[in-house]
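Student: got a structure for you, letters missing:
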């Protein structure tokens, strides 16, 4: 029994270590994606502010609600092609 107990404890310890390592890797990946999303949001706001000077709160809120990186890339294209912030917001809402 003592040998089995040691093996069981060792297995648990190794399992916890593997779990922690996987958790850290997943956390890093999530952090990178959140950082990319935040960077895209800031770039989109910069484009809109440069083009239109003022960006309404509704536009900022709508943009802040987007978490998908593909959707944010599409929003960046919209920011470059919209004629005004209202059109940007309208087209942004129709793409969801």
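Tutor: Received the coordinates, thanks. In this text, all values refer to a predicted model and were calculated from it rather than measured experimentally.
Student: quick one: secondary structure of residue 33?
Tutor: Three-state assignment for residue 33 (DSSP: H, G, I helix; E, B strand; the rest coil): helix.
Student: state the distance from it to residue 74.
Tutor: Here residue 33 is placed at a distance of 16 Å from residue 74 (CB to CB, to the nearest Å). From N, CA and C alone the C-beta is placed, and that goes for glycine too.
Student: helices of this structure, start to end?
Tutor: For the chain, the helices defined by DSSP state H occupy 2-52, 57-64, 69-81, 85-94.
Student: mean confidence for the last one?
Tutor: On average, the pLDDT along helix 85-94 is 92.
Student: with the longest one instead?
Tutor: For helix 2-52, mean pLDDT rounds to 83.
Student: for that helix, name the packing helices and strands.
Tutor: Packing contacts for helix 2-52, counted by 3 or more CB pairs under 8 Å, 6 or more residues apart in numbering; DSSP states H and E, involve helix 57-64, helix 69-81, helix 85-94.
Student: give me the angle between that helix and helix 69-81.
Tutor: Inter-element angle recorded for helix 2-52 and helix 69-81: 10 degrees (by axes from the mean of the first three to the mean of the last three CA atoms, to 10 degrees).
Student: closest to the centroid, which residue in the protein?
Tutor: Residue closest to the mean C-alpha point of the chain, counted by CA atoms, centre = their mean, is residue 34 at 3.4 Å.
Student: tell me the contacts of it?
Tutor: Applying CB atoms under 8 Å, 6 or more residues apart in numbering, we find residue 34 in contact with no residue.
Student: let's see it at 10 Å
Tutor: By CB atoms under 10 Å, 6 or more residues apart in numbering, the contact list for residue 34 reads residue 67.
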